[in-house]
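A.B. asks: Here's my sequence, what's the structure:
(2 chains)
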Amino acid sequence: MPVLARWIEAAGIPTVVVTMMPAIAEERRAPRIVGVEAPFGHAFGMPHDRATQRRVLELALRVLAGAAAFATRVDYDAGWPVPLREAYRAWQPKEPSPIVKRLLEARR
Amino acid sequence: MLVDSYRFLPRSFRPLYEGRGPHPGEEQPVWTPLAKRLAESRIALLSSAGFYMKGSQPAFDLDGERERPEWGDPTWRAIPATASTSELGVGHLHINDEDLLADPEIALPSRGLAELVSAGVAGGAVEQHVSVMGYQDRSLTDWHRTTAGEIVAHLREQGAEGLVLAPA
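C.D. replies: Now for the predicted structure:
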């Protein structure tokens, strides 16, 4: 996704990436980054938590408009409201993805 | 607070992501400033959660990925900003889709954007946002050759002046 952002930015459309892996977005040289402490699939918050979703999106828009230089990173200053173990289990698919299945089989 | 990028990642996956550096050929900075004030700018959203319109669009090709686990469907979908929760499907084998189906705003906050437009924070929203399925082959060849250009053409046609991307 950071690389896709770069291609779109290079075509003349400013971008900001909202991501739970901001360090990777930095390594991949995304132009603007908003880091969020969120499990995969939940960049803007918990289901039906409109207030958090709006705050994260507004932060992204402010970074989109106000970042002064390439590789600006701003992290959203709030933790995930669900205990780590529960959140860690909840985001994962019901069955391993095909590539994970293959990796697990290779380790056996 | 500095976000821990690996907090929710299985420990054994961390080496697959960490320390890999830039994508080949993508080392240099790219930068396009927002041309107008945010309150005058039309904004688009792009999610990699694999959303599609159940009644009018094909799902992402998950059977193809099952046959070739290192491949992911590189196509994209235009998602109307007014799409209802019940109209959206999710095609993504790497995340649990329950929360995405219950409230797509967690990954594609089109209603939240509309509210911020109404509040005067942003100038407008496009009529059709963008969805991709984020699991791709490591080279990103199809995204580079085809998908990125198609998405840029779509965003231009929509009058997008800024883009918020959210990896799933």
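A.B. asks: What's the local residue count around the residue nearest to residue A:27 when sequence neighbours are not counted?
C.D. replies: In this structure, residue A:27 finds its nearest non-sequential neighbour in residue B:21, 5.7 Å apart by Cβ to Cβ, 6 or more residues apart in numbering or on different chains. Every C-beta, even on glycine, is put in place using the N, C-alpha and C of the backbone. As a burial measure, residue B:21 scores 10 neighbours (other Cβ atoms under 10 Å in any protein chain shown).
A.B. asks: So what touches the strand or helix carrying residue B:89?
C.D. replies: According to DSSP states H and E, residue B:89 maps onto strand B:88-90. With contacts defined as Cβ atoms under 8 Å, 6 or more residues apart in numbering or on different chains, strand B:88-90 is touched by B:49, B:50, B:51, B:52, B:53, B:54, B:59, B:79, B:97, B:100, B:101, B:104.
A.B. asks: Please apply the same query to stretch B:58-68.
C.D. replies: Residues from elsewhere that reach stretch B:58-68 (Cβ under 8 Å, 6+ apart): A:97-98, B:50, B:52, B:71-73, B:75, B:89, B:91-93, B:133, B:135.
A.B. asks: out of these, what pair is the most spread apart?
C.D. replies: Checked with Cβ to Cβ, those reach their widest spread between B:71 and B:89, with 20.4 Å between them.
A.B. asks: Need the residue closest to the centroid of the chain.
C.D. replies: I'll assume chain A. For chain A, the residue nearest the mean C-alpha position is residue A:19 (1.4 Å; Cα atoms, centre = their mean).
A.B. asks: oops, I was thinking of chain B
C.D. replies: Closest to where the C-alpha atoms of chain B average out (Cα atoms, centre = their mean) is residue B:47, at 2.2 Å.
A.B. asks: give me the number of residues near the residue nearest to it when sequence neighbours are not counted?
C.D. replies: With sequence-adjacent residues excluded and distances taken as Cβ to Cβ, 6+ apart, residue B:47 is closest to residue B:108, at 4.1 Å. By the criterion of other Cβ under 10 Å, residue B:108 has 28 neighbours.
A.B. asks: Next: residue B:24.
C.D. replies: Neighbours of residue B:24 under the rule other Cβ under 10 Å: 9.
A.B. asks: starting at the chain centroid, how far to the worst-scoring helix or strand of chain B on mean pLDDT?
C.D. replies: None of the helices or strands of chain B scores lower by mean pLDDT, DSSP states H and E than helix B:14-17, at a mean of 87. Taking Cα atoms, centre = their mean, to the nearest Å, one finds the center of helix B:14-17 at 21 Å from the center of the full chain.
A.B. asks: so how far is whatever helix or strand comes next after it off the chain centroid?
C.D. replies: Following helix B:14-17 in sequence order, the next helix or strand is strand B:42-47 (DSSP H and E). Centre-to-centre, strand B:42-47 and its host chain are 9 Å apart (Cα atoms, centre = their mean).
A.B. asks: quick one on the thing from earlier: dig out what the residue nearest to the centre of chain A forms beta bridges with.
C.D. replies: Taking DSSP bridges, one finds residue A:35 as the beta-bridge partners of residue A:19.
A.B. asks: The spatially closest residue to residue B:7 that is not a sequence neighbour: neighbouring residues, count only.
C.D. replies: Leaving out its chain neighbours, the residue that sits closest to residue B:7 by Cβ to Cβ, 6+ apart is residue A:37, at 6.3 Å. Using other Cβ under 10 Å, residue A:37 is surrounded by 20 other residues.
A.B. asks: Are we agreed that residue A:37 is in a strand?
C.D. replies: No. Under DSSP: H, G, I helix; E, B strand; the rest coil, residue A:37 sits outside any strand and is assigned coil.
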